[in-house]
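Participant: when you get a sec, could you give me coordinates for this:
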Amino acid sequence: MYATVAFIATVIAVVIGQPPPSSCCLANTFTATLSDLQTINGQNVVVMAVTLDFPGQREAAISSVFDTVTRQTTTYGRNVFDFAAGKQYYIPESDTTSCTVSTLNWSTPQRCVPNDAQYLGSNHLGLPGALDYDAWRYPFGPGRNATLTMVFARQGCVPVLEGVAGVLDSPVDKQFLFSGYNPDNIDPAVFTLPAACNQ
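Facilitator: All right, here's what the predicted structure looks like:
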């Protein structure tokens, strides 16, 4: 929790008194790459290629590690979250015909910043006007036992940073950088499950 609080406090450095935007909603479907900022200074940077389909109540995340020395990327596996069915599937890259199925303990992520979210303020990255952003914090996960802090570019409500702290399936304290955000352009094949997932 302390890492997330310190990270968000440093990055946001909010402009106090700025009124919040009237709304901020992600696209119905999108892809993006999330980089784990806790690994950014090491040789191996953890990245996830994420696809979210809000109408279909599903998400896919392909986990990889980028070696900053060899410049090689190693993919480890694909998670598919079926929020409607309450199931999570893991398909390892080493054997894409196998599948591990587990119970999914939280619901579809919220597409829009909830009305009861705490508005943290706004600021900009780079020169003034280069990337103006707004930040919110709100409960997340099963029993609302985790806190999600989201930073969105003001133009287009594009996600920039995410911090999550608390308890999901286990204690978590992570920060992610979004890049390559691509709305309304997804490949449905990322949700395809091998036969082993249905046994």
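Participant: and residue 114, which of the three is it?
Facilitator: With DSSP: H, G, I helix; E, B strand; the rest coil as the basis, residue 114 sits in coil.
Participant: number of nearby residues for it?
Facilitator: Residue 114 has 11 neighbours, counted by other CB atoms under 10 Å. For glycine as for every other residue, the C-beta is placed from the backbone atoms N, C-alpha and C.
Participant: tell me who's in contact with it.
Facilitator: residue 138 (CB atoms under 8 Å, 6 or more residues apart in numbering).
Participant: what pLDDT does it get?
Facilitator: Looking at residue 114, its pLDDT stands at 91.
Participant: change the start of the numbering to 866 and stick with it
Facilitator: With the count now opening at 866, the last piece we talked about shows up as residue 979.
Participant: look up how far residue 1005 lies from it.
Facilitator: With distances taken as CB to CB, to the nearest Å, residue 979 is found 10 Å from residue 1005.
Participant: do residue 992 as well
Facilitator: 32 Å.
Participant: those two - which one has more neighbours?
Facilitator: Of the pair residue 992 and residue 1005, residue 1005 is the one with more neighbours under other CB under 10 Å, namely 21 against 7.
Participant: that one touches residue 1031, doesn't it?
Facilitator: Yes: with contact defined as CB atoms under 8 Å, residue 1005 reaches residue 1031; the gap is 7.5 Å.
Participant: mind listing the shared neighbours of these two?
Facilitator: Counting by CB under 8 Å, 6+ apart, the residues touching both residue 1005 and residue 1031 are 1011-1012.
Participant: buried set for the longest strand belonging to the chain?
Facilitator: Longest strand of the chain, by residue count under DSSP state E: strand 1036-1048. Neighbour-count burial for strand 1036-1048, counted by 16 or more other CB atoms under 10 Å, picks out 1038-1043, 1046, 1048.
Participant: what of stretch 993-1004?
Facilitator: Taking 16+ other CB under 10 Å as the criterion, stretch 993-1004 shows 998-1003 as buried.
Participant: now do stretch 974-993
Facilitator: Residues of stretch 974-993 classed as buried by neighbour count (16+ other CB under 10 Å): 976, 978, 982, 984-988.
Participant: also stretch 944-951?
Facilitator: For stretch 944-951, by 16+ other CB under 10 Å, it's 944-948.
Participant: may I have it as CSV, with CA atoms only?
Facilitator: Extracted C-alpha coordinates of stretch 944-951, given in CSV (Å, rounded to 0.1, in the frame of the first residue of the first chain):
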residue,chain,number,x,y,z
ASN,A,944,-5.4,-15.2,-18.8
VAL,A,945,-9.0,-14.9,-19.9
PHE,A,946,-11.5,-13.5,-17.4
ASP,A,947,-15.1,-14.3,-18.0
PHE,A,948,-16.9,-12.0,-15.6
ALA,A,949,-20.4,-13.2,-16.6
ALA,A,950,-19.5,-16.8,-15.8
GLY,A,951,-17.3,-15.9,-12.8
